[in-house]
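S.K.: Below is the structure, and that's it, no one-letter string:
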């Protein structure tokens, strides 16, 4: 087994999951997935286990605070229920706030048998989420936690005049996604706003420069306004991240949250679902 793995390969395992995209494919076992990433199966499994352990340790650290542990006990998610997370890379990441939430519930409430299904797919816009949403709702989850819209605001090319998905189209997509859930399930719905960006880090990130990709806070805040205008409960990460996003909450690329950012998001989700932060 390789001992000096390319960190870029490890990052791919963390954030890109072909088995979610190639849903038509059969027999996509660990050996096949490892080959897709260009590594041997032992290296692939080692990376996955290390990421799982990191997320678990983050949950253990949070549960050391008695008040927070008590909030996890009070989460309105009942024994035997299923929670689906709908989103893009900020959900799909194996170190995401949703994965930390999974470990919080497993560690603090193991007897409840709560199932979490991560339906985040890196790179998805709201249009792509809409296209696959009927399949998500068919799982009949008891809860849907939805964080989408960041990829809609991506701009391509020098001095781009428009985001990938217009704000008007994003609004329609959000409405249709929510309508499908209401019509075809009895799921409890919670919106989570996509975080703000660090535009200086975005502009300095080599791979974004190569692809001529950019993101603007004015665009993501407008998406946040759409979500804050919904009638369902909203966990507003934008208020916590600030504008520009606080440095400690952002990864090197300025778009994706750091591990500290994900830990902050899961705290806010738990606090929001248990009556809000105590002042």
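M.R.: The structure has been received and is ready for your questions. Computed from a predicted model, the values in this text were never measured in an experiment.

S.K.: Tell me the buried residues in the longest helix seen in the chain?
M.R.: Assignment by DSSP state H gives helix 41-63 as the longest helix of the chain. By 16 or more other C-beta atoms under 10 Å, the buried positions in helix 41-63 come out as 43-48, 51, 54-56, 58-59, 62. Every residue, glycine included, has its C-beta placed from N, CA and C.

S.K.: could you redo these as JSON lines and give each row pLDDT?
M.R.: Output for the buried residues of helix 41-63, formatted as JSON lines (pLDDT from 0 to 100):
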{"residue": "43", "pLDDT": "93"}
{"residue": "44", "pLDDT": "93"}
{"residue": "45", "pLDDT": "94"}
{"residue": "46", "pLDDT": "94"}
{"residue": "47", "pLDDT": "94"}
{"residue": "48", "pLDDT": "94"}
{"residue": "51", "pLDDT": "96"}
{"residue": "54", "pLDDT": "96"}
{"residue": "55", "pLDDT": "98"}
{"residue": "56", "pLDDT": "98"}
{"residue": "58", "pLDDT": "98"}
{"residue": "59", "pLDDT": "99"}
{"residue": "62", "pLDDT": "98"}
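
S.K.: so which two of those residues are the farthest from each other?
M.R.: Greatest spacing in the buried residues of helix 41-63, by C-beta to C-beta: 43 and 62 (29.6 Å).

S.K.: on that earlier part again, list just the nearest of the buried residues of helix 41-63 to residue 22.
M.R.: Closest to residue 22 out of the buried residues of helix 41-63 is residue 44 (16.3 Å), distances taken as C-beta to C-beta.

S.K.: What spatial separation is found between the closest one and residue 9?
M.R.: Distance of residue 44 to residue 9, given as C-beta to C-beta, to the nearest Å: 9 Å.

S.K.: got any residues that touch both of the two?
M.R.: residue 37 (C-beta atoms under 8 Å, 6 or more residues apart in numbering).

S.K.: which residues pair with the residue lying closest to residue 92 once chain neighbours are set aside across the strands?
M.R.: In space, and not counting its chain neighbours, residue 92 is closest to residue 120: 3.5 Å by C-beta to C-beta, 6 or more residues apart in numbering. When bridges are called by DSSP bridges, residue 120 pairs up with residue 87.
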